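Student: build me a model from this:
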Amino acid sequence: MVPIPTTDLAPDAIDFGDMTIWDRDDWPGMFAALRHERPISWHTEPEIPGLTFGPGPGFWSLVRYADIVAASRNPEVFISGQGTNIPDFPPEVYEFLGSMINMDPPRHTRFRLIVNRGFTPRQVGAIEQSVHDRARSIVDAVAHQGSCDFVSEIAAALPLQIICDMVGIPESDYGLIFEKTNVVLGASDPEYGGEITAAFTAAQELWQYAQDLRADRLRHPRDDITTTISQAEVDGHSLTPEEFGSFFVLLVAAGNETTRNAISHGMKALTDFPDQRRRWLDDFEGIAPGAVEEIIRWATPVIHFRRTCVAQDVEVGGTHFEAGQKVVLWYNSANRDEAYFDDPYQFDVTRKPNEHLGFGGGGPHFCLGAHLARREISVMFEELLRRLPDIEVTGEPEMLRSNFIHGIKRMPCSFTPR
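Tutor: Residues are numbered from 1 along each chain as shown. The predicted model follows:
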């Protein structure tokens, strides 16, 4: 059994609204302490640099697997339409920045039916060979070096290239998309601006890029998601230019950042647990599906989403919530819940069952790109472990400062040159 992490903070001193918490190394221990001693607790809201208004009234934290699933599968009571980030923003910001993750039925249902047209099994299956080809070329580019930065040269490259290909973004603009999505999802990290206004500016630039791309595809249709979604209708409704722009920002950010971090955390885990690497290498194809699920559980690239309670006197886990109160679902804590996962701090490529919450807690907001992410992770590690079987992380990862994205910015690795 791998020991459960600890913290020297008492439960009353654990406040996830304090951003300095996320600079510490023991926040996994804080979640473990809360699961055992204070599974539903009240926290203050963080000061957000760049906002002209102060923090909100606070939020409830859900840290247990069962409680998070219960809230996720009750979207009529725990809604997303008032925001899925902890801070409150004006409604126009949610329209602009959050797309369908900040929607509730029936609008969310209609919106998702439209964008699903771009993620049918046929659409995803059509890029299968491209995923293999891209992964092979990524390894080709570094194989002779013997070392590289795993994040920028390996993990980030595949999902960025694939989502850009699917959307129809030319290769000359890959660097722009990479740069702007880093800023959008890294707003609390000083390297990417350190304040929310930097994220808004980057998102506006991506939104405008989407308008230009959409206008071009309406004039010159192609076999890409932009064309498909721009032309799609459900019950007489199609996406407005504003809705497409907002969805584009979500798609390119989530489509490359989350899978990049899953691959990066997966490589670190295979380095830290060499016995698991050997087990996978002994039967790559047979173990791959379970290994991919374990990588996603282990990484939990999205740390949390928020919901808002809209009913009076709702009970979850023995706690009563009032209408208007914020409820934050900490997926990374749920994926280490000892009450649900055996030996949760052991990375186990053969873990069964493994109903993790790495793609959300179920309900209508389950990750749209889950199937694509699984394929990218599997193919990337197939290429890496087949051609660079001794690849390993050689230094501590440089982590993104964030309570939202479990990100790795840089991570050195080495291998025998090929």
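Student: from the contact counts, what lies against the helix-or-strand element of the chain with minimal mean pLDDT?
Tutor: Lowest by mean pLDDT, DSSP states H and E among the helices and strands of the chain is helix 91-97, with a mean of 72. Counting contacts by 3 or more C-beta pairs under 8 Å, 6 or more residues apart in numbering; DSSP states H and E, helix 91-97 packs against helix 196-219, helix 241-272. Glycine gets a C-beta too; all of them are placed from N, C-alpha and C.
Student: skip ahead from the first one and say which helix or strand is next.
Tutor: Of the helices and strands lying after helix 196-219 in sequence (DSSP states H and E), the nearest is helix 225-231.
Student: average model confidence for that following helix?
Tutor: Mean per-residue pLDDT for helix 225-231: 92.
Student: and residue 413, which of the three is it?
Tutor: When classified by DSSP: H, G, I helix; E, B strand; the rest coil, residue 413 comes out as strand.
Student: leaving aside the residues next to it on the chain, what's closest to it?
Tutor: residue 150 (4.2 Å; C-beta to C-beta, 6 or more residues apart in numbering).
Student: pull out the buried residues from the least confident helix or strand of the chain.
Tutor: Across helix 91-97, burial judged by 16 or more other C-beta atoms under 10 Å covers 93, 94, 96, 97.
Student: between those residues, which sits nearest residue 217?
Tutor: residue 96 (20.9 Å; C-beta to C-beta).
Student: how near is the closest one to residue 207?
Tutor: 7 Å (C-beta to C-beta, to the nearest Å).
Student: find residues that contact each of those two.
Tutor: Counting by C-beta atoms under 8 Å, 6 or more residues apart in numbering, the residues touching both residue 96 and residue 207 are 245, 246.
Student: for the residue nearest to residue 413, what are its contacts?
Tutor: 264, 267, 393, 411, 412, 413.
Student: try it again at 7 Å.
Tutor: For residue 150, the contacting residues are 264, 267, 393, 411, 413, by C-beta atoms under 7 Å, 6 or more residues apart in numbering.
Student: now residue 367
Tutor: Applying C-beta under 7 Å, 6+ apart, the residues contacting residue 367 are 359, 360.
Student: quick one: residue 135 is in a helix?
Tutor: Yes. Under three-state DSSP, residue 135 falls within a helix.
Student: residues in contact with stretch 357-366: which ones?
Tutor: 68-69, 72-73, 75, 80, 101, 105, 108, 296-297, 300, 329, 331, 334-335, 367, 370.
Student: now the strand or helix carrying residue 371 against helix 241-272, angle please.
Tutor: Taking DSSP H and E as the definition, residue 371 sits inside helix 370-387. Here helix 370-387 runs at an angle of 40 degrees relative to helix 241-272 (axes from the mean of the first three to the mean of the last three C-alpha atoms, to 10 degrees).
Student: buried ones in helix 370-387?
Tutor: Residues of helix 370-387 classed as buried by neighbour count (16+ other C-beta under 10 Å): 372-385.
Student: again with stretch 337-355
Tutor: 337, 340, 341, 344, 347, 348, 349, 351, 354.
Student: how many residues are close by the closest residue in space to residue 225 that isn't next to it in sequence?
Tutor: Nearest non-adjacent residue to residue 225, counting by C-beta to C-beta, 6+ apart: residue 118, 3.8 Å away. Residues within reach of residue 118, counting by other C-beta atoms under 10 Å, total 21.
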